[in-house]
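here's a sequence, model it:
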Amino acid sequence: MKINSALALTSAVFLTAWVAGFVSVVFHFIPVTIPDPAIRYLPAYDLLFIAIIELLSIISFSGSVLFLLEARKILARWYLAAPLCISLALLVIANLLICFNGNTLLGGPISTSETLWLVLLALLSPGSLLLFLTSYGQDSLTELYIVVTSATSIFSAIFLFSVLKGLSSPGSVQSIMLPLAFYLSILLPATGICYLSKATMYGVTDNEDEDGGGDKDY
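I've put the predicted structure just below:
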């Protein structure tokens, strides 16, 4: 059951946009300025979003570490999950840098901390692709997850290229807002659903190997 829990936990950060939207609607959130020197007048809506993504990033990082530890026992390609684990660890740090930066998130020329944040978001898709490849060949659904994450990885590569290309352009923020919204609202949640589906289906067949002491034939 630990693999199931790990996959479910790892899905958290991929659902950030949906969770943030839900929280904003529930609390009827209105952007204001919080006069707290610790966050240097960071707009409240940005603070809410960063707080949510930071919490979900920590949950996902914990899940990825648990998956890595458990996968070592039963999967021959367990090491493919390491890049996602590293990316999530760095994303936790990047979220804090954004928070204490004190400026409106993506409200002007892209800063170094925002660039790092965007790069790490883009790396979540290929990291997920590698994680699903650890169990390639187990079932047809895993192949579907690989197809989905391959598609999101292609988009994330294009998105990442546009971010890096536009760093020196004053209008670079405007040019990436629509792709970023699409990535956060559609593609990352699609990946998150793959994790949740895998967490559900893993218990049907794969835990038999786990309970039997491990099998590294995959």
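
which ones are touching A190?
148, 152 (CB atoms under 8 Å, 6 or more residues apart in numbering). Yep, even glycine has a C-beta here, placed from its N, CA and C like the rest.

not counting its neighbours along the chain, what's nearest A51?
Nearest non-adjacent residue to A51, counting by CB to CB, 6 or more residues apart in numbering: C99, 7.8 Å away.

please apply the same query to K198.
Nearest one to K198, counting by CB to CB, 6+ apart, is L7 at 5.2 Å.

in which helix or strand does the one you found reside?
helix 2-10 (DSSP states H and E).

quick one: buried residues of that helix?
3-4, 6-10 (16 or more other CB atoms under 10 Å).

and the very next helix or strand once past that helix, how far from the chain's centre?
Note on helix 2-10: by DSSP H and E, the next helix or strand toward the C-terminus is helix 16-26. Computed by CA atoms, centre = their mean, to the nearest Å, the separation of helix 16-26 from the middle of its chain amounts to 16 Å.

list of residues touching helix 16-26?
With CB under 8 Å, 6+ apart as the contact definition, helix 16-26 has outside contacts at 29, 45, 48-49, 52-53, 56, 184-185, 188-189.

again, 10 Å this time
Helix 16-26 is contacted by residues 12-13, 15, 29-31, 45, 48-57, 60, 121, 180-181, 183-189, 192 when judged by CB atoms under 10 Å, 6 or more residues apart in numbering.
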